[in-house]
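Engineer: starting from these lines, generate the structure:
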Amino acid sequence: MKRIAKYIAVVLAALAAISCNEQTKKKVLLPNISGKAGEVIVVIGKADWEGLVGNTLRDTLACECPYLPQREPLYTLVNVAPAGFTSLFQVHRNIIVMDISNTVTEPGVVFKKDVWAAPQCVIYVNAINAESAAQLIMDYSAKIKATLEQAERDRVIANATRYEELKLRPIVTKLFGGTPHFPSGYQLKKKTDDFVWITYDTQFTMQGILMFKYPVVEGENMMDLDNIIRNTNTVLKDNVPGMFENTHMTITDFARPSLEYMRYKGRDFAQMRGFWEVHNDYMGGPFVSHIFYSPDGKEMIEIFGFVYAPKYDKRHYLRQVESIIYSFEWAKPEEKK
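Structural biologist: Numbering: from 1, shown residues only. Have a look, this model is predicted:
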């Protein structure tokens, strides 16, 4: 019996290895994705696209992106008729396939990766009629948005890891015990004992990431929004001057930031979104930051990503810096030396 059990275990292990190899081969053979970041192909018939189902999709995914100075949709939706869904569109980065028919036997929403290309996000919505399809979209709206957001984020992080500006890693790690993955082109602009400013600048845009720390005050709720704003503004005033005398970066007070407590890949943090501006000047834009405790609990660490792009839409630029912030990892023991 023991020999039979051992034989079965060996066979199962071999089959698992073969299956894993086959999946790896398939992924290697898949073409690279196409399409712009933040774009979603929706495969659906014209009548449903112009009716209840299309309206529900637009309300869910093309709603206004929060905390941007001008109106921009959360995602850009592109309608493709089922008959026109050829190989040209099948390699797109994000695809939602609507199957609305009375022949559907298993209604529901199915999430898949790398069906026709890689790294690809494909979402199937299967329903017997338009009403049930719209209801499925509403019921799964949070998961649909989260899945698309994670797919977009993972692509940026993968690119940042593959083409990392490695000279920044030891600088940031030494100060904070960990670091995000900064892609090629990001440069160190300023460094003190508890603050770094790393930026990617072009002629008309600036994508900046500030990382800083400040001591935990005993008896004070360090994760309270008002305390976070106050501490952040103190650091910004001291470290991020404007172009002219008596100017500095600050969190604007005309629109109160939002705060969300999150857990991502084992890390707990508060995520703040809002607008920054330059005190006594006219510069400004959106920001997103992550605030969390140091491993010993004695300091607060904040990673503050911001965008300045007065000539352009800002959704894509902000999503990029946000993804970099999400890539933060505590250093391995050998990296701390």
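
Engineer: where does the residue lying closest to Pro119 once chain neighbours are set aside sit: helix, strand or coil?
Structural biologist: Of all residues not flanking Pro119 in the chain, Arg155 sits nearest, at 5.9 Å (CB to CB, 6 or more residues apart in numbering). For every residue, glycine as well, the C-beta is placed using N, CA and C. Three-state assignment for Arg155 (DSSP: H, G, I helix; E, B strand; the rest coil): helix.

Engineer: per-residue pLDDT, Asn246?
Structural biologist: What the model reports for Asn246 is a pLDDT of 88.

Engineer: same thing with the one 5 residues further on?
Structural biologist: You'll see Ile251 listed with a pLDDT of 97.

Engineer: bridging residues for it?
Structural biologist: For Ile251, the beta-bridge partners under DSSP bridges are Trp276.

Engineer: OK, contacts around the closest residue in space to Trp330 that isn't next to it in sequence?
Structural biologist: Spatial nearest neighbour of Trp330, excluding adjacent residues (CB to CB, 6+ apart): Gly178 at 4.0 Å. Residues counted as contacts of Gly178 (CB atoms under 8 Å, 6 or more residues apart in numbering) are Val172, Phe328, Glu329, Trp330, Ala331.

Engineer: how is this protein divided into domains?
Structural biologist: Under the assignment automatic domain parsing, the domains of the chain span 39-159, 165-336.

Engineer: for this protein, which residues score under the pLDDT cut-off?
Structural biologist: 1-28, 334-337 (pLDDT under 70).

Engineer: swap in 90 and give it another go.
Structural biologist: Within the chain, the stretches with pLDDT under 90 are 1-29, 69, 242-246, 253-254, 265-266, 280-282, 332-337.

Engineer: picking up where we left off before, tabulate the domains of the chain in a markdown table, adding columns for distance to Asn32.
Structural biologist: Formatted as a markdown table, those follow (distance: least, CB to CB, whole Å):
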| stretch | distance to Asn32 |
| --- | --- |
| domain 39-159 | 6 |
| domain 165-336 | 18 |
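
Engineer: among those, which comes closest to Leu30?
Structural biologist: domain 39-159 (4.4 Å; CB to CB).

Engineer: coming back round to it: burial of the residue nearest to Pro119, as a residue count?
Structural biologist: Applying other CB atoms under 10 Å, we find 17 residues neighbouring Arg155.

Engineer: quick one: strands adjacent to the strand or helix carrying Tyr214?
Structural biologist: Element membership for Tyr214 (DSSP states H and E) is strand 206-215. Sheet pairing of strand 206-215 (DSSP bridges) gives strand 195-201 (antiparallel), strand 299-308 (antiparallel).

Engineer: between those strands, which one is closest to Thr105.
Structural biologist: strand 299-308 (45.8 Å).

Engineer: what does that closest one rub up against?
Structural biologist: Residues contacting strand 299-308 (CB under 8 Å, 6+ apart): 176, 180, 205-216, 222, 228, 231-232, 235, 276, 283-294, 314, 317-318, 321-322, 324-325, 328.

Engineer: give me the buried positions along that strand.
Structural biologist: For strand 299-308, the neighbour count (16 or more other CB atoms under 10 Å) marks Glu299, Met300, Ile301, Glu302, Ile303, Phe304, Gly305, Phe306, Val307, Tyr308 as buried.

Engineer: start from the N-terminal end of the stretch 151-300 of the chain and give the helices.
Structural biologist: 168-176, 225-239 (DSSP state H, counting those that start in this stretch).

Engineer: using TSV, lay out those together with distance to Pro31.
Structural biologist: Listed next are the helices of the stretch 151-300 of the chain as TSV, based on distance: least, CB to CB, whole Å:
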stretch	distance to Pro31
helix 168-176	32
helix 225-239	44
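
Engineer: compare the ones you listed and give me the one nearest Phe85.
Structural biologist: For Phe85, the closest of the helices of the stretch 151-300 of the chain is helix 168-176, at 42.3 Å, according to CB to CB.

Engineer: gap between that closest one and the chain center?
Structural biologist: 22 Å (CA atoms, centre = their mean, to the nearest Å).

Engineer: helices and strands around that helix, which ones?
Structural biologist: If contacts are counted by 3 or more CB pairs under 8 Å, 6 or more residues apart in numbering; DSSP states H and E, helix 168-176 sits against strand 178-179, strand 187-191, strand 195-201, strand 206-215.

Engineer: just those strands: most buried one?
Structural biologist: Among these, strand 178-179 has the highest mean neighbour count (mean count of other CB atoms under 10 Å), at a mean of 23.

Engineer: what lines up beside that one in the sheet?
Structural biologist: Sheet partners assigned to strand 178-179 using DSSP bridges are listed as strand 329-330 (antiparallel).

Engineer: neighbouring contacts of the strand it pairs with?
Structural biologist: Under CB under 8 Å, 6+ apart, the answer for strand 329-330 is Gly177, Gly178, Thr179, Pro180, His181, Pro295.

Engineer: out of the residues you listed, what pair is the most spread apart?
Structural biologist: The most widely separated members of those, counting by CB to CB, are His181 and Pro295 (19.5 Å).

Engineer: look at those two and report which has more neighbours.
Structural biologist: His181 (24 against 11).

Engineer: the more buried one and Ala158 touch, don't they?
Structural biologist: No - His181 lies out of contact with Ala158 (CB atoms under 8 Å); the separation is 9.3 Å.
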